[in-house]
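1. pasting a predicted model and its sequence here:
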Amino acid sequence: MAAVSGHPASEDGAPGEPSAFREAVEALRATRLRPEVVVADTPAPRRLAPYAFALTASVEVDGEELADGRLVLLHEPGGHEAWQGEFRLVSLGRAQLEPEMAHDPLLSEVGWSWLMDSLAQQGARFGEPSGTVSRCSSQFFGSLAERPATTDIEIRASWTPAVSSAADFAGHLRAWCELLCLCAGLPPFTPGAAMGQTVPLPTRRHPR
């Protein structure tokens, strides 16, 4: 399993950096993830909050990337009215699906339920969730006409983690990575858990 690393918006250990933020970042970096998930550093956005930490993740099986995304931890000391808390998690997850799945009328609802189920499975409490589930079908023409049509699912979401200690952030990261794995078509990682009834959608990826 892989450990996590990433970039805070300000330098690690910078004078005045809140201890709550430093501890949250440390907890995320120490999180152990299922083996299909590969994480990497990425610059954090600097205009969304005074402090931010970001990472990217991809789901890889047999050398093939099946899904990818980005997770950002935002921190507003003293709290943010819209967040109803001092921290906010902002995420993006995407994967390529079989073209016929674009016509499934329940695709969006299923995609959103994956996130909710993943958070529940990990015991990651939260509030103020919001997001979108989008599907995009592409047909290629001209010199690209030989490429098969593609259909992508993209899940953008944010929520306010309800944490009693920094260690609780690990559950939120694991839940988001589980969402990516479900988008990639992998079965839930824990047999018999709350997500056991979730049916993954078939996926495939082609070189872009």
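-> Noted; the coordinates are in hand. Since this is a predicted model, take the numbers as computed values, not measurements.
2. confirm Ala167 sits in a helix?
-> Yes: assessed with DSSP: H, G, I helix; E, B strand; the rest coil, Ala167 lies in a helix.
3. contacting residues around it?
-> Ala27 (CB atoms under 8 Å, 6 or more residues apart in numbering). Every C-beta, even on glycine, is put in place using the N, C-alpha and C of the backbone.
4. any idea how far it is from Pro161?
-> Remark: distance between Ala167 and Pro161 (CB to CB, to the nearest Å) = 12 Å.
5. Tyr51 too?
-> Distance, Tyr51 to Pro161, by CB to CB: 15 Å.
6. can you list the residue ranges for strands in the chain?
-> Applying DSSP state E to the chain gives strands spanning 7-8, 37-41, 51-61, 64-80, 85-97, 126-138, 150-161.
7. just send the ones you listed back as a markdown table, with mean pLDDT and mean neighbour count too.
-> Formatted as a markdown table, those follow (pLDDT from 0 to 100; neighbours: other CB atoms under 10 Å):
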| stretch | mean pLDDT | mean neighbour count |
| --- | --- | --- |
| strand 7-8 | 54 | 18 |
| strand 37-41 | 88 | 17 |
| strand 51-61 | 96 | 21 |
| strand 64-80 | 95 | 19 |
| strand 85-97 | 95 | 22 |
| strand 126-138 | 92 | 14 |
| strand 150-161 | 94 | 21 |
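8. mind putting those strands in JSON lines, distance to Ser118 included?
-> Converted to JSON lines, those look like this (distance: least, CB to CB, whole Å):
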{"stretch": "strand 7-8", "distance to Ser118": "24"}
{"stretch": "strand 37-41", "distance to Ser118": "13"}
{"stretch": "strand 51-61", "distance to Ser118": "13"}
{"stretch": "strand 64-80", "distance to Ser118": "13"}
{"stretch": "strand 85-97", "distance to Ser118": "10"}
{"stretch": "strand 126-138", "distance to Ser118": "11"}
{"stretch": "strand 150-161", "distance to Ser118": "11"}
